[in-house]
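S.K.: need a 3D model of the sequence below.
(one chain, ligands or ions: 1)
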Amino acid sequence: MNMLRAETELYALSWESPRKFLGCAGLVPASRIVIFGAPLDATASYRPGARFGPARIREVSQVLEEFSPVLGADIASANVCDLGDLVLPLGDVTGSLEIIATCSRSIIESGRIPLMLGGEHLVTLPAVRAASSVYPGLVVVGLDAHLDRRDEYLGQKLSHATVLRRVSEAVGEENVFHVGARSWTPVEIHGIRDQNALFQVEKAAELLAVELGDRPVYVSIDIDILDPAYAPGTGAPEPGGITSAELLGTVRALAGMNVVAADLVEVSPPYDSADITAIAAAKIVREAVIALGSRRGRGGASLRGVRVGQHDFESGGRHPREA
Ligand SMILES: [Mn+2]
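M.R.: Below is the predicted model of the structure:
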């Protein structure tokens with residue numbers, strides 16, 4: 001892999017790096033998972049504020065323990081670092097997307113897993129394109145209250161409301177799976193295959209594991225998949241969603257697949273209440289990082305002595321979800 005060039009490219013980008021995400025004291029060369037913020041906040045049609053999402057998620061992550069009782073492992077075992085937020089040119093959507101693409105590609109080309117914190121959902125598009133250029137046959141799993149499949153919104157092709165349509169064009173309609181959607185227009189739902197629309201979240205991870213096997217997967221989590229009771233601080237809250245516990249379970253299960261990149265988007269702190277949404281997001285990130293970091297695979301972390309889900313890797317056994 002082009003490790004040296006990729007890291008040079010990464011360090012050449014402009015960063016704002018205040019507090020690190022919980023337990024992410026590592027540096028890029030030693031890390032398998034790389035967290036970064038993409039605070040794009042350009043096309044929100046209802047409530048903006050997602051530019052403050054990554055910083056708030058980091059800030060409130062300090063309330064969590066570094067240890068996950070469910071996964072039986074600590075975030076320190078996950079070989080993870082946090083680069084801080086990309087500095088994006090305000091008002092320049094395409095310029096911002098190019099910077100996000102460069103960052104994502106640098107991380108992926110070096111065999112690492114980027115975990116991007118949005119920002120609005122449009123940030124997913126350049127990150128998917130970057131992953132797709134390295135991993136042919138990439139599958140995108142979008143956890144979102146909305147389908148985000150408009151062809152254009154208010155005359156714009158690049159929008160949080162069109163992002164999964166653009167993603168479909170990039171990786172192929174059949175390779176995009178929508179989990180937990182409960183809001184769409186007739187135009188958005190038209191033509192979508194039954195097997196690509198997994199409205200029942202509790203069955204989604206199991207179905208996807210069977211359907212996708214070892215194919216490379218990009219997981220995009222729009223925090224609005226949660227019911228507004230659990231995530232009021234988001235751009236387009238949609239009643240009737242799942243609980244935090246249900247989302248955490250789904251994320252842990254998805255992490256058992258061949259996830260090569262992921263994001264969590266649309267946390268909008270100005271509309272949050274008592275940091276409910278940001279803390280939920282931080283816990284999702286913690287669980288995703290620990291689950292991904294505990295998994296064996298390319299460029300993988302050493303699992304010696306790490307116990308995951310009560311399974312002892314000293315014995316050389318496989319993760320229960322890999323069995
Ligand atoms: Mn959404």
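
S.K.: near the ion, which residues of the stretch 1-150 of the chain?
M.R.: Counting by Cβ under 5 Å from the ion, the residues of the stretch 1-150 of the chain close to the ion are D144, A145, H146. C-betas here are computed from N, CA, C, even on glycine.

S.K.: buried residues in stretch 54-64?
M.R.: Judged by neighbour count using 16 or more other Cβ atoms under 10 Å, the buried positions of stretch 54-64 are P54, A55, R56, I57, R58, E59, V60, S61, L64.

S.K.: hmm, back to that, adding neighbour count, write the residues of the stretch 1-150 of the chain next to the ion out as CSV.
M.R.: Output for these, formatted as CSV (neighbours: other Cβ atoms under 10 Å):
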residue, neighbour count
D144, 26
A145, 27
H146, 26
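
S.K.: check contacts around the nearest residue in space to V265 that is not next to it in sequence.
M.R.: Of all residues not flanking V265 in the chain, G118 sits nearest, at 3.1 Å (Cβ to Cβ, 6 or more residues apart in numbering). When contacts are counted by Cβ atoms under 8 Å, 6 or more residues apart in numbering, G118 is found next to 37-40, 50, 53-54, 124, 263-267.

S.K.: how about P39?
M.R.: For P39, counting by Cβ under 8 Å, 6+ apart, the contacting residues are A50, R51, F52, G53, P54, A55, D85, L86, L88, G118, G119.

S.K.: does the fifth one count as helix, strand or coil?
M.R.: At P54, secondary structure determined by DSSP: H, G, I helix; E, B strand; the rest coil is helix.

S.K.: give me the pLDDT for it.
M.R.: P54 carries a pLDDT score of 98 in this model.

S.K.: for the residue nearest to it when sequence neighbours are not counted, grab the count of nearby residues.
M.R.: Leaving aside its sequence neighbours, P54 sits nearest to G37 (Cβ to Cβ, 6+ apart; 2.9 Å). Other residues lying near G37 total 26 when counted by other Cβ atoms under 10 Å.

S.K.: host element of L264?
M.R.: Element membership of L264 [criterion: DSSP states H and E] is strand 259-265.

S.K.: need the contact partners of that strand.
M.R.: For strand 259-265, the external contacting residues (Cβ under 8 Å, 6+ apart) are 38, 50, 53, 57, 104, 107-108, 113-121, 123-124, 127-128, 130-131, 134-135, 138, 216-223, 281, 284-285, 288, 292.
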